[in-house]
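sequence and computational prediction follow.
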Amino acid sequence: MDIEGSMKDSREGNLSVFGEEHDVDWRGKTCRPKKHGGMTAAIFVLGLQAFEMMAIAAVGNNLITYVFNDMHYPLSKAANVVTNFIGTVFLSSLLGGFLSDSYFGSFKTMIIFGFIELSGFILLSIQAHLPQLRPENCNMMDIRGKCIEAKGYHAWIFFVALYLVALGSGCLKPNIISLGADQFSNDDPKQSKKLSTYFNCAYFAFCTGELVALTVLVWVQTHSGMDIGFAVSAAVMAVGLMCLISGTVLYRNKKPKGSIFTPIAQVFVAAITKRKQICPNIEMLHENHNKLHHRHFITAPNAGTLRHTEKFRFLDKACIKIQNGSEGPWRLCTSTQVEQVKIILSVVPIFACTIIFNTILAQLQTFSVQQGATMNTRLTNNFKIPPASLQSIPYIMLIILVPLYETAFVPLLGRITGKESGISPLQRVGVGLFIVTFSMVSAAVIEQKRRNQALEHDQTISIFWIAPQFLIFGLSEMFTAVGLIEFFYKQSLEGMQSFLTAMTYCSYSFGFYLSSLLVSLVNKITSMSSGGNGGWLSENDLNKDRLDLFYWLLAGLSLANFFNYLFWSRWYSYNPSLLPTSISPTTTNPLMIGGLNQEEAKDLQGNLVNSELKLVELQL
């Protein structure tokens, strides 16, 4: 038998095993690098990112006004309607990620839920325009009369429209990120920096949309009526969908892989079933297609092979073959399947460390706005600054800083670190988590100054004193938010990009929920310590509350969270697929991993040849 020919056949067989399916165009045909993907295709996705953000932010930021004045819900109930709406938006991102990765793909999922969101905006504008679809006009601030709360079909129309918007927006968000990122090849090291550039551009588009919503669209709602405001949101959303559809022929699309939860569940079931078995050595792990495991993983272009890790060793029991006959997938899993589950478990602590960050964001959208309402908001004799408009400060700064970061900071750091993206995603998240602590420090110091001036000197200080806490948060968000999205996407396994990207949005939900829990706990504990005289945040008057102490508490929690993050980020091991693949023209064996030195490359190549010889011997 021709051993050289057998080795060649074996090598080609391994390539077909290691390689993943090609990306496809809108017709399901294999993509061509020069025609599909790249920043040209990603621009159309960025257009949807900006316009969708304008539409949803304009509704969300001023929704409480409509619920209170037009639906006649009490203020506390109206606030709950808004928070439930925001929570649904972020939590439904998990559904969008799941449907995309498992069944439809990012593009089809975006088309479906984009039109669902658009229908919600249209229904809101129709209800706001037609008096017969709302309760009778009534002044909620008039204490002489009692306004009739929206019930029956009035309430049904409102909540159907509202949650169509929430469902559509939530399912869109992770897919906007993943579809844009899919336009850049994972196996091309030259596109690594382009992918980081795309994430910066996506965040720039997000900030632009948010800023326009907080200024122009909210102004339209205030001065032209909520019906016109909702209609403008519908029109803006329609423009965003037109941007998405315009790039159809240019997109690179990843094929859905089927249910992403079934393989995960199989690993846990198999491991629990074989829990009494002894953890096997690496050589004993079951793997389909005779995939090989070495100190460095072996990869071909577009490969997704994972090296064995020592974390969560109990899951390796799912790979033990204990029967001579064939075992089903719920009894015996491949080692690659187990490693995929390990990666998912490994990213959970990183995700958890960002919840405190979003808890601080919740304060800037609630208590900091209330701070501003008690300060001098006059800019000129005839113009006052709306306290809610302070939320636009971070976005104004980010529109300036994000391009500066990309054009100046990244190249400078790249020369120092040797990385085209400047710093790694985990390092970027860490920088943001450290900076955000000073946002709460600034908030606490200014609140103490504001309170002392009001109580001791009966003076109100300028609202611009609280601008620094918004500015510092904006700077930290540039690092944390973008770094987290980039981290989750790059560490996502094939077929799970949208779902893991959706986890970044769930962090917002958990951050807001934690904020509500903290406020309740702080009030309860401080009220008990003061003998029932009221807690730090139990009054409606900030001069009687101790908001400054609450801010100091958040600053301490944020600093502790940063050190907690340092531990987990050092513990985390990067998925080897994050490393760019480089194929040297002088290398005889094409199965090489970028980043190895020459001695490691020779060892890896020797291991591959020896393994191929063993396969040939088995065939002989």
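That came through fine.

state the distance from the residue nearest the centre of the chain to Val410.
Compute the mean C-alpha point of the chain, and by C-alpha atoms, centre = their mean the closest residue is Thr504, 2.7 Å away. Applying C-beta to C-beta, to the nearest Å, the value for Thr504 to Val410 is 21 Å. (Glycine included, C-beta is placed from N, CA and C.)

one step back: in the helix or strand where the residue nearest to the centre of the chain lies, what's buried?
Here Thr504 is covered by helix 497-529, with elements defined by DSSP states H and E. Buried residues in helix 497-529, counting neighbours by 16 or more other C-beta atoms under 10 Å, are found at 497-515, 518-519, 522-523, 526-527.

ok, how many other residues are close to Asp25?
18 (other C-beta atoms under 10 Å).

Leu426 now?
Leu426: 20 surrounding residues under other C-beta under 10 Å.

per-residue pLDDT of it, please?
Per-residue confidence at Leu426 stands at 88 (pLDDT).

my read: Asn561 touches Thr359, true?
No. Contact criterion C-beta atoms under 8 Å: Asn561 and Thr359 do not qualify, at 9.3 Å.

still on that earlier bit, other SSEs contacting the very next helix or strand once past the helix holding Thr504?
Using DSSP H and E, the next helix or strand after helix 497-529 towards the C-terminus is helix 547-571. Packed against helix 547-571 by the contact rule (3 or more C-beta pairs under 8 Å, 6 or more residues apart in numbering; DSSP states H and E) you find helix 335-352, helix 355-365, helix 367-373, helix 425-456, helix 497-529.

now the second one: how far from the chain's centre is it?
Helix 355-365 has its C-alpha centroid displaced from the chain centroid by 15 Å (C-alpha atoms, centre = their mean, to the nearest Å).

elements contacting that helix?
Under the contact definition 3+ C-beta pairs under 8 Å, 6+ apart, helix 355-365 sits against helix 425-456, helix 467-490, helix 497-529, helix 547-571.

now it: buried residues?
Here helix 355-365 shows 355-364 as buried, counting by 16+ other C-beta under 10 Å.

ok, so of these, who is nearest Arg428?
Proximity of those to Arg428 (C-beta to C-beta) peaks at Phe357, which lies at 12.8 Å.

pretty sure that closest one contacts Leu514?
No. Using C-beta under 8 Å, Phe357 is not in contact with Leu514; the gap is 10.6 Å.

which secondary element of this structure has the worst mean pLDDT?
For the chain, counting by mean pLDDT, DSSP states H and E, helix 3-18 ranks last in confidence among helices and strands (a mean of 37).

which element follows that one toward the C-terminus?
Next helix or strand after helix 3-18 toward the C-terminus (DSSP H and E): helix 38-69.

off-centre distance for stretch 59-67?
Centroid displacement of stretch 59-67 relative to its chain, using C-alpha atoms, centre = their mean, is 24 Å.

average pLDDT for it?
80.

could you do stretch 567-583 as well?
The model assigns stretch 567-583 a mean pLDDT of 63.

same question, stretch 503-522
Stretch 503-522 comes out at a mean pLDDT of 81.

equivalent analysis for stretch 215-230, please.
Computed over stretch 215-230, the average pLDDT equals 84.

cool, stretch 450-460 as well?
When pLDDT is averaged over stretch 450-460, the result is 87.

one step back: tabulate the buried residues of helix 355-365 (TSV), appending pLDDT and distance to Gln221.
Shown next, in TSV, are the buried residues of helix 355-365 (pLDDT from 0 to 100; distance: C-beta to C-beta, whole Å):
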residue	pLDDT	distance to Gln221
Ile355	91	31
Ile356	92	33
Phe357	92	29
Asn358	87	26
Thr359	87	28
Ile360	89	27
Leu361	84	23
Ala362	78	23
Gln363	81	25
Leu364	80	21
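
from those residues, which is closest to Gly422?
Phe357 (20.7 Å).

alright, that wraps it up for me.
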